[in-house]
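**Student:** sequence and predicted structure below; questions after.
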Amino acid sequence: MNSKPKIWFALSTVISCLLAAGALRALVASDSLAAWVFSPTGLETALIGLGIIVTLVMVDRHSAAAASARNQILALFVVLLLSEGFFVRWGSVEEAARQDFSPGAFGEAAVWLMVALGACTVLWKQGFPHRRAIQGSLKWLCAFSGFALLSAVYSETRLFSAVWAFKLVVTGALLLLYFKSSSRQEDVVRLLKALFWTFVVLIAIPLAISVVSGTLAFEDNRLSAGLHPVDMTEHAGMLILLGIVLHSLERRPVYLIFALLASPLALLSGGKMALAATLVSIGFFAFMRKRAGALMGLCGGAIAILLLAFSLSPAGDYARDYAGSGQIDSLSGRTDLWQLGWEAIKEKPLLGHGYLSSKFISLAEDVDWEAGHLHNAPLDVLYNLGIVGLLLLAGSVYAGLRAHIKVLRHCYNERSRLLAISSLTLLLSIFLTGITEASFGGRPGSGFMTFIALMLTGEILAGEIRVVTVRTARTATAEAAA
């Protein structure tokens with residue numbers, strides 16, 4: 001075995017263990033840790049860990065040697081995405097500020113650590129892709145993740161910032177490893193399929209729990225199903241878009257079926273910007289594919305569905321209540337929050353207050369509601385990581401979009417172009433949602449992790465163009481020599 005993979009395996013294992021030891025040392029005096037270890041959540045975490053081990057072994061045994069590492073990394077990435085759906089994290093901002101976390105929070109962090117150790121086993125076999133880490137959008141994302149982790153040093157809630165930054169670093173490392181072993185269109189399709197089924201599970205888990213527990217209901221005329229209504233709308237919207245693009249790629253009706261099933265959830269949950277972002281992104285997809293008829297049908301169908309939903313469900317009552325609440329001008333209090341956040345940003349403009357410090361904006365500023373973040377992605381990054389963090393994120397966005405545009409301009413393979421359009425469609429939805437939510441650049445939840453994965457697809461497709469160009473040049477040289 002090559003010595004380099006061993007070195008990277010040893011280094012990453014030591015770092016993971018040091019981070020785990022530091023977290024345990026900080027929490028060992030807390031009753032919350034003991035409560036988690038001896039709770040049903042602790043047993044659930046152990047079962048998930050066992051499932052991770054079994055999954056890695058099965059993938060290794062039933063995959064070809066070349067595809068084994070890639071499939072293992074993809075499986076670990078799916079587990080990391082699903083970790084937010086495995087556990088229910090409860091507690092107020094005040095409790096989080098004083099490190100009084102719920103058992104679900106410990107379980108989720110334990111899954112992140114197990115995923116990191118699983119990634120270390122892949123590093124043992126193939127080494128860290130340090131050369132690819134300095135290419136395209138990936139170098140900016142790696143720098144952003146590293147800066148987020150370092151910012152925990154000056155954050156007022158160091159442990160909270162460090163643990164979430166650790167998840168962001170693990171996400172970047174997994175996608176770097178996937179990028180190293182991926183060079184074909186089918187690797188992008190495989191990634192999109194994994195995202196599709198992940199969002200199916202993320203929606204199905206809270207729905208099933210709500211139905212079984214009898215808590216499925218409408219609160220303030222918005223569907224309450226174990227998730228915040230905005231989160232449910234975002235998940236359902238992403239599932240709709242993934243279903244549409246995968247159906248265009250493979251013509252399998254199962255994708256459209258799930259997209260249709262997710263549509264009522266997006267409407268009834270009442271996340272206004274997420275719903276608008278989904279509709280605009282569908283229109284963008286139809287426009288880029290030059291389907292004027294489909295675009296007109298979409299507009300007519302969307303209007304009909306909205307009218308039907310508003311007339312037959314509490315969604316109409318919610319829309320009328322919101323229109324008469326006087327909150328439209330302030331976007332439900334968001335504009336006031338942005339003004340307070342901007343004043344706080346000017347206090348530490350260069351480096352920010354520390355990664356995810358905006359979680360505690362309600363405690364630091366005069367905010368009369370538990371905001372949880374600044375409800376605008378660029379402002380949230382500025383508050384947390386300052387101008388440096390925003391520039392690093394902007395660099396990754398520029399490089400990722402440039403890779404997608406390169407595919408559209410210079411690739412004549414229709415399937416590659418369709419994949420690039422599909423990825424841009426999903427990214428557009430995340431960008432638009434970021435106007436009123438921290439959908440990227442903040443907490444590494446499903447939205448931000450999907451954002452990072454979609455940036456990766458542009459690099460894979462652009463890399464395929466480079467491979468084809470090199471092969472063509474070599475063939476032309478060989479023919480000229482002959």
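**Tutor:** Sure, I can see it.
**Student:** so what touches stretch 396-414?
**Tutor:** Here stretch 396-414 makes contact (C-beta atoms under 8 Å, 6 or more residues apart in numbering) with 136-141, 144, 185, 416-417, 419-421, 423-424, 427, 454-455, 457-459, 461-462, 464-465. Backbone N, C-alpha and C define where each C-beta goes, glycine included.
**Student:** show me which of these are buried.
**Tutor:** The neighbour-count test (16 or more other C-beta atoms under 10 Å) marks 136-141, 144, 185, 416-417, 419-421, 423-424, 427, 454-455, 457-459, 461-462, 464-465 as buried among those.
**Student:** surely residue 230 meets residue 269?
**Tutor:** Yes: with contact defined as C-beta atoms under 8 Å, residue 230 counts as touching residue 269 (7.4 Å).
**Student:** run through the stretch 1-150 of the chain and note the low-pLDDT ranges.
**Tutor:** By pLDDT under 70, the weakly predicted segments of the stretch 1-150 of the chain are 1-66, 88-91, 125-135.
**Student:** if we can go back for a sec, more crowded one of residue 230 and residue 269?
**Tutor:** In this view residue 230 and residue 269 are compared by other C-beta atoms under 10 Å, and residue 269 has more residues nearby, 27 against 21.
**Student:** correct me, but the more buried one touches residue 232?
**Tutor:** Yes: with contacts counted by C-beta under 8 Å, residue 269 reaches residue 232, the gap being 4.1 Å.
**Student:** overlap in contacts, those two.
**Tutor:** Common contact partners of residue 269 and residue 232 (C-beta under 8 Å, 6+ apart): 223, 225.
**Student:** please pull up the helix or strand immediately following the helix or strand harbouring residue 150.
**Tutor:** Following DSSP states H and E, one finds residue 150 within helix 136-150. Using DSSP H and E, the helix or strand that follows helix 136-150 in sequence is helix 158-180.
**Student:** can you give me the domain assignment for the chain?
**Tutor:** The chain resolves into domains spanning 1-127, 131-181+333-482, 186-325 when parsed by automatic domain parsing.
**Student:** tell me the most buried of those?
**Tutor:** Mean neighbour counts were compared across the domains of the chain using mean count of other C-beta atoms under 10 Å; the top stretch is domain 131-181+333-482, at a mean of 20.
**Student:** how far is that domain from where the chain is centred?
**Tutor:** The chain centroid and the centroid of domain 131-181+333-482 are separated by 10 Å under C-alpha atoms, centre = their mean, to the nearest Å.
**Student:** and what of stretch 313-321?
**Tutor:** Averaging C-alpha positions (C-alpha atoms, centre = their mean) puts stretch 313-321 30 Å from its chain's average.
**Student:** what's the average pLDDT for that stretch?
**Tutor:** Across stretch 313-321, pLDDT averages out at 74.
**Student:** for it, list the C-alpha coordinates in PDB.
**Tutor:** Written as PDB, here are the backbone C-alpha positions of stretch 313-321 (Å, rounded to 0.1, in the frame of the first residue of the first chain):
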ATOM      1  CA  SER A 313     -57.400  24.400   2.200                       C
ATOM      2  CA  PRO A 314     -56.200  26.600   5.100                       C
ATOM      3  CA  ALA A 315     -53.500  28.000   2.800                       C
ATOM      4  CA  GLY A 316     -56.000  30.500   1.500                       C
ATOM      5  CA  ASP A 317     -56.800  31.700   5.000                       C
ATOM      6  CA  TYR A 318     -53.100  32.000   5.700                       C
ATOM      7  CA  ALA A 319     -52.600  34.100   2.600                       C
ATOM      8  CA  ARG A 320     -55.500  36.400   3.500                       C
ATOM      9  CA  ASP A 321     -54.300  36.700   7.100                       C
END
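**Student:** ok, then the element right after the helix or strand hosting residue 305?
**Tutor:** Per DSSP H and E, residue 305 falls inside helix 292-312. Beyond helix 292-312 on the C-terminal side, the first helix or strand identified by DSSP H and E is helix 314-323.
**Student:** other SSEs contacting that next one?
**Tutor:** In terms of contacts (3 or more C-beta pairs under 8 Å, 6 or more residues apart in numbering; DSSP states H and E), helix 314-323 is packed against strand 222-224, helix 253-269, helix 292-312.
**Student:** neighbouring strands of the first one in the sheet, and parallel or not?
**Tutor:** Same thing as strand 222-224. Pairing partners of strand 222-224, with direction, according to DSSP bridges: strand 217-219 (antiparallel).
**Student:** run through who's touching the strand it pairs with.
**Tutor:** Under the criterion C-beta under 8 Å, 6+ apart, residues 224, 268, 314 lie in contact with strand 217-219.
**Student:** distance of the closest residue to residue 243 other than its chain neighbours from residue 120?
**Tutor:** Take residue 243 and drop its neighbours on the chain: the residue closest to it by C-beta to C-beta, 6 or more residues apart in numbering is residue 259, 3.0 Å away. Plainly put, residue 259 is 37 Å away from residue 120 if you go by C-beta to C-beta, to the nearest Å.
**Student:** where's residue 85, which helix or strand?
**Tutor:** Here residue 85 sits within helix 65-86, counting by DSSP H and E.
**Student:** just the angle between that helix and helix 158-180, please?
**Tutor:** Counting by axes from the mean of the first three to the mean of the last three C-alpha atoms, to 10 degrees, helix 65-86 lies at 150 degrees to helix 158-180.
**Student:** sweet, I'm off.
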